[in-house]
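> here is my input, please return the structure:
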Amino acid sequence: MNPPELRYSKEHEWVRVDGGNAVIGVTMYAVESLGDVVYVDLPEVGSKLEQFKKMGEIESVKAVSDLFSPVSGEVVERNQDVARKPDTVNLSPYGNGWLLKVSLKNPGELDSLLTAEQYEKFLASDGKS
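Numbers count the residues shown, from 1 in each chain. Next up is the predicted model:
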């Protein structure tokens with residue numbers, strides 16, 4: 001079950017609003033599809049992100065996949081635990097396995113993301129956009 005308080009992208013990233021910041025991670029669906037995560041390449045603090053544009057990569061024993069930012073803004077923090085121990089993403093994708101904190105440039109962009117219920121329906125339709 002995907003946490004109901006989050007917003008989701010069709011690229012399988014999630015967002016949690018925390019004050020003026022957005023915490024970004026990947027969904028359980030992404031983790032299960034990838035398998036064991038062995039490396040995560042994230043943008044540096046101060047990097048500018050644009051909604052739905054590539055922001056990094058996540059590598060597993062199976063494949064390398066692009067990460068896309070679900071919101072626009074400036075990176076204010078990278079999860080150093082994930083940098084040191086990438087399997088943290090597998091163990092806790094909605095908790096300790098978060099990837100970035102971003103200062104939210106345009107909160108209205110959240111409206112273009114899916115609710116948990118919409119994301120569940122999207123996955124049920126094969127997870128294809």
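> can you check the distance spanned by stretch 72-90, start to finish?
End-to-end distance for stretch 72-90, by C-alpha to C-alpha, to the nearest Å: 25 Å.
> quick check: buried residues in that stretch?
72-75, 78-79, 82, 85-86, 88-90 (16 or more other C-beta atoms under 10 Å). The C-beta positions use only the backbone N, C-alpha and C, and glycine is treated the same way.
> quick check: mean pLDDT of that stretch?
Averaging pLDDT along stretch 72-90 yields 96.
> just stretch 25-45 next, same as before
Mean pLDDT, stretch 25-45: 96.
> list the buried ones in it?
Judged by neighbour count using 16+ other C-beta under 10 Å, the buried positions of stretch 25-45 are 25-31, 34, 37, 40, 42-43.
> export the residues you listed to JSON lines and tack on secondary structure and distance to residue 97?
Formatted as JSON lines, the buried residues of stretch 25-45 follow (DSSP: H, G, I helix; E, B strand; the rest coil; distance: C-beta to C-beta, whole Å):
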{"residue": "25", "secondary structure": "strand", "distance to residue 97": "6"}
{"residue": "26", "secondary structure": "strand", "distance to residue 97": "8"}
{"residue": "27", "secondary structure": "coil", "distance to residue 97": "11"}
{"residue": "28", "secondary structure": "helix", "distance to residue 97": "10"}
{"residue": "29", "secondary structure": "helix", "distance to residue 97": "14"}
{"residue": "30", "secondary structure": "helix", "distance to residue 97": "11"}
{"residue": "31", "secondary structure": "helix", "distance to residue 97": "8"}
{"residue": "34", "secondary structure": "helix", "distance to residue 97": "12"}
{"residue": "37", "secondary structure": "strand", "distance to residue 97": "9"}
{"residue": "40", "secondary structure": "strand", "distance to residue 97": "9"}
{"residue": "42", "secondary structure": "coil", "distance to residue 97": "12"}
{"residue": "43", "secondary structure": "coil", "distance to residue 97": "17"}
